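A.B. asks: Generate coordinates for the sequence data below:
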Amino acid sequence: MERPGLRGQFQRSDAREAETFKEQGNAYYAKKDYNEAYNYYTKAIDMCPKNASYYGNRAATLMMLGSFREALGDAQQSVILDDSFVRGHLREGKCHLSLGNAMAAWHNFQRALELDPKNAHAQQEFKNANAVMEYEKIAETDFEKRDFQKVVFCMDRALEFAPACHRFKILKAECLAMLGRYPEAQSVATDILRMDSTNADALYVRGL
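C.D. replies: Okay, the predicted model is just below:
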């Protein structure tokens, strides 16, 4: 039979060990060794799966590795565990924005500003999300007008904030093909196919 207080002792021991793993993760993160940082943050999560900051740290590491979809899952988990976690909302928003989901990002940055109205990072990211939505809107209109040069310009600007967005890249590649700039269009389509070999839109553009 378990002695009273024994469970609490185990929990405290797990929490201490998790903190040690987190600190080791932070040290590797500072050295830009993101793979090792990821491993230690994962160990911290395994020990204490209800700690929002551990998911936030792992999300930041995955973002540095360019794995925005995986990072998004961790960022979302961090704010499920603690809705007042400003950095969690910022990281979720940044993942959404990097993947081209500007409206979802806008909501995250708005929530971060509700929690911390003077947060300069949140203020800037909020502006960035608005800019991407505006570029999308302009590009849609210009595509209908067959002003492909302008669409390429808008997509280049949007991709500065949304580097992992296949949708923006494909629209840019399609417009480059329409403009007869085939090597550039081919290069963009090939980049997408390198990451997603079955992407039908990229295959279509390469066919063009």
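A.B. asks: quick one: pLDDT of the spatially most central residue of the chain?
C.D. replies: Central residue check for the chain by CA atoms, centre = their mean: the C-alpha nearest the mean position is that of C95, 1.8 Å away. Looking at C95, its pLDDT stands at 97.
A.B. asks: How much space separates it from T141?
C.D. replies: 28 Å (CB to CB, to the nearest Å). From N, CA and C alone the C-beta is placed, and that goes for glycine too.
A.B. asks: picking that back up, can you name the helix or strand that the residue nearest to the centre of the chain falls in?
C.D. replies: If you go by DSSP states H and E, C95 is part of helix 86-98.
A.B. asks: following that helix, which helix or strand comes up?
C.D. replies: Following helix 86-98 toward the C-terminus (DSSP H and E): helix 102-115.
A.B. asks: starting at the chain centroid, how far to whichever helix or strand comes after that following helix?
C.D. replies: Once helix 102-115 ends, the next helix or strand along the chain (criterion: DSSP H and E) is helix 120-144. The chain centroid and the centroid of helix 120-144 are separated by 16 Å under CA atoms, centre = their mean, to the nearest Å.
A.B. asks: Could you pull out the buried residues of helix 120-144?
C.D. replies: Neighbour-count burial for helix 120-144, with 16 or more other CB atoms under 10 Å as criterion, is recorded at 122, 125-126, 128-129, 131-132, 135-136, 138-139, 142-143.
A.B. asks: Just confirm S78 contacts I45, I think it does.
C.D. replies: No: using CB atoms under 8 Å, S78 makes no contact with I45, being 10.4 Å away.
A.B. asks: Between these two, which has more neighbouring residues?
C.D. replies: In this view S78 and I45 are compared by other CB atoms under 10 Å, and S78 has more residues nearby, 25 against 20.
A.B. asks: And that one, which helix or strand is it part of?
C.D. replies: helix 68-81.
A.B. asks: What count of nearby residues applies to the residue nearest to L65 when sequence neighbours are not counted?
C.D. replies: Counting by CB to CB, 6 or more residues apart in numbering, Y34 is the residue found nearest to L65 once chain neighbours are left out, at 5.1 Å. As a burial measure, Y34 scores 19 neighbours (other CB under 10 Å).
A.B. asks: Same check on R87?
C.D. replies: Neighbour number of R87 under other CB under 10 Å is 21.
A.B. asks: Which of the helices or strands spans the residue nearest to it when sequence neighbours are not counted?
C.D. replies: Nearest non-adjacent residue to R87, counting by CB to CB, 6+ apart: G56, 5.5 Å away. Taking DSSP H and E as the definition, G56 sits inside helix 52-64.
A.B. asks: What residues of that helix count as buried?
C.D. replies: Buried, per 16+ other CB under 10 Å, within helix 52-64: A52, S53, Y54, Y55, G56, N57, R58, A59, A60, T61, L62, M63.
A.B. asks: how far off helix 68-81 does it point, in degrees?
C.D. replies: In terms of direction (axes from the mean of the first three to the mean of the last three CA atoms, to 10 degrees), helix 52-64 departs from helix 68-81 by 160 degrees.
A.B. asks: Cool, thanks, signing off.
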